[in-house]
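**Q** Build me a model:
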Amino acid sequence: MSTIAGNLQAVEATIQTACQAAARSRSTVQLLAVSKTFPPEAVLEAVDAGQRAFGENYLQEGVDKIAAVAKARPDTPLEWHFIGPIQSNKTRPIATHFDWVHTVERLKIAQRLSEQRPAERGPLNICLQVNISGEATKSGAHPSELLALAREVSQLPNLRLRGLMAIPEPEDDPELQRVPFAKLRALAQEVIDAGIFIDTLSMGMSGDLRAALLEGSTIVRVGSAIFGSRTYE
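**A** From the prediction side, this is the model:
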């Protein structure tokens, strides 16, 4: 068994344990393997171990990797999620190549993704990123602006608003880790109560996965626990 396959098994065990603690079915959670900075060969190892959904932060790297993996495994349907910051001039390739985008924080970006989504690809799944910890350096819509943004984005023709995403301030205490995730869950409920159907909470990474699952996460974004430590050039 490859290291990546073994790591996937360990992450799977963590997810299952957390779901049991939260009295949730394992089927309510999707594992998103964050493959940024890792080569296509690492993704292929994960694919061969059964992983089907991958997250990329850097546009050109992601587009190149999608093409390389598709060439190597043409008969294996995979799901690609863009989870990095979005510049206005980069929306077209994101709309063209990805199945999900987790980092929409402005209406202008959503409008461009909708206009540039190829019709044959069907609606692009969208999560609105929320700055849940109020950090000055962190991306995301302010919680007070979220409902208005959700209303606008939910009306765009080539998008499907799926839910909310957040990257809270790092916290080591397992109980304190739950606080921002609980806030995001409450915001999602406000959106639903306003008559906008959403079904996704993209929250939780390698270090706070259990806390996120206890608070209702439906997509956990795990990179280093699967692929190993990153080296940034």
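**Q** Now for Gln155: which residues touch it?
**A** Applying CB atoms under 8 Å, 6 or more residues apart in numbering to Gln155 gives no contacts. All C-beta spots, glycine's among them, are computed from the backbone N, C-alpha and C.
**Q** pLDDT score for it?
**A** Looking at Gln155, its pLDDT reads 98.
**Q** Which pLDDT value goes with Gly134?
**A** On pLDDT, Gly134 comes in at 79.
**Q** One more: the one 10 residues further on?
**A** pLDDT for Ser144: 96.
**Q** can you check the one 3 residues further on too?
**A** The score at Leu147 is 98. That number is its pLDDT.
**Q** Checking it next. Helix, strand or coil?
**A** helix (DSSP: H, G, I helix; E, B strand; the rest coil).
**Q** Do I have it right that it meets Glu190?
**A** Yes. Counting by CB atoms under 8 Å, Leu147 touches Glu190, with 6.2 Å between them.
**Q** These two: which is more packed in?
**A** Leu147 (16 against 13; other CB atoms under 10 Å).
**Q** Distance check, the more buried one against Ile109.
**A** 18 Å (CB to CB, to the nearest Å).
**Q** quick one: what helix or strand has Arg221 in it?
**A** strand 219-222 (DSSP states H and E).
**Q** avg pLDDT for the very next helix or strand once past that strand?
**A** Where DSSP H and E defines the elements, the next helix or strand beyond strand 219-222 is helix 224-227. Mean per-residue pLDDT for helix 224-227: 95.
**Q** what comes up buried for stretch 48-57?
**A** 49, 51, 53-57 (16 or more other CB atoms under 10 Å).
**Q** mind putting those in a markdown table, distance to Arg121, secondary structure and pLDDT included?
**A** Putting the buried residues of stretch 48-57 into a markdown table (distance: CB to CB, whole Å; DSSP: H, G, I helix; E, B strand; the rest coil; pLDDT from 0 to 100) gives the following:
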| residue | distance to Arg121 | secondary structure | pLDDT |
| --- | --- | --- | --- |
| Ala49 | 27 | coil | 97 |
| Gln51 | 22 | coil | 98 |
| Ala53 | 17 | strand | 98 |
| Phe54 | 17 | strand | 98 |
| Gly55 | 18 | strand | 98 |
| Glu56 | 17 | strand | 98 |
| Asn57 | 21 | coil | 97 |
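**Q** hmm, back to that, report all helices and strands that the strand holding Arg221 contacts.
**A** strand 30-34, strand 200-202, helix 209-214 (3 or more CB pairs under 8 Å, 6 or more residues apart in numbering; DSSP states H and E).
**Q** Could you list every helix and strand that the longest one packs against?
**A** Same thing as helix 209-214. The elements that helix 209-214 packs onto, with contact taken as 3+ CB pairs under 8 Å, 6+ apart, are helix 3-21, helix 174-193, strand 219-222.
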